[in-house]
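Q: Okay, predicted coordinates and the sequence, questions at the end:
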Amino acid sequence: MRNVQSGFSLIEVLVAAIVVALGLLGLMSLQLGQIRNTSQAVDGSVAAIYLNDIAERIRANSAQSALYLASHAELPASIDCVCGPCTAAEMAQFDLYTWQNQLINNLPSGGGEITQAGSSIIISIRWDQDLSGSAGENCPVASDDDLDCLTATISI
């Protein structure tokens, strides 16, 4: 008598299911990594846009550049220069309020800092790139506890 095998055995089906499951898990891991990298790239681009924005605002109101100095994520008093006229000093306060508010609302743990060194203004934006709850303040980043940062120096 000949024993003729037809179809798949249960073991072959189980091995095929495991191989397919491992492949799908690998694809999901790649997709999650891509989403994370895209989010980080977007955060970096947003920070660069806001850094350029405040630099141009300071240049436009350079006579009041000393009023733009701010600590990280410090939100100054709100003032409305959209609906009515403002002095140059009020415009500086409005610009700073708008900028800090945008950083706080659009970057994870975001905030900006503006300092002056002689005739140069140093603008730093820090945010929690990896959403790890970092709170360090070194810029450039010195350890994993530090927030990611972007810095520019402008001359006035």
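A: All right, it came through fine.

Q: Report the secondary structure state of Ile121.
A: Three-state call for Ile121 (DSSP: H, G, I helix; E, B strand; the rest coil): strand.

Q: Can you pull the phi/psi pair for the nearest residue to it once chain neighbours are set aside?
A: Excluding the flanking residues, the one nearest Ile121 by CB to CB, 6 or more residues apart in numbering is Ile154, at 5.1 Å. (Glycine included, C-beta is placed from N, CA and C.) Backbone torsions for Ile154, taken as degrees, to the nearest 10, come to phi -120, psi 150.

Q: Next one: Ile154 from Leu24, what distance?
A: 50 Å (CB to CB, to the nearest Å).

Q: next one: Leu69
A: Leu69 is 53 Å from Leu24, by CB to CB.

Q: Which of these two has more residues huddled nearby?
A: Leu69 (15 against 10; other CB atoms under 10 Å).

Q: for the most centrally placed residue in the chain, helix, strand, or coil?
A: Nearest to the mean C-alpha position of the chain, by CA atoms, centre = their mean, lies Asp43 at 3.2 Å. Recorded secondary structure, Asp43: helix (three-state DSSP).
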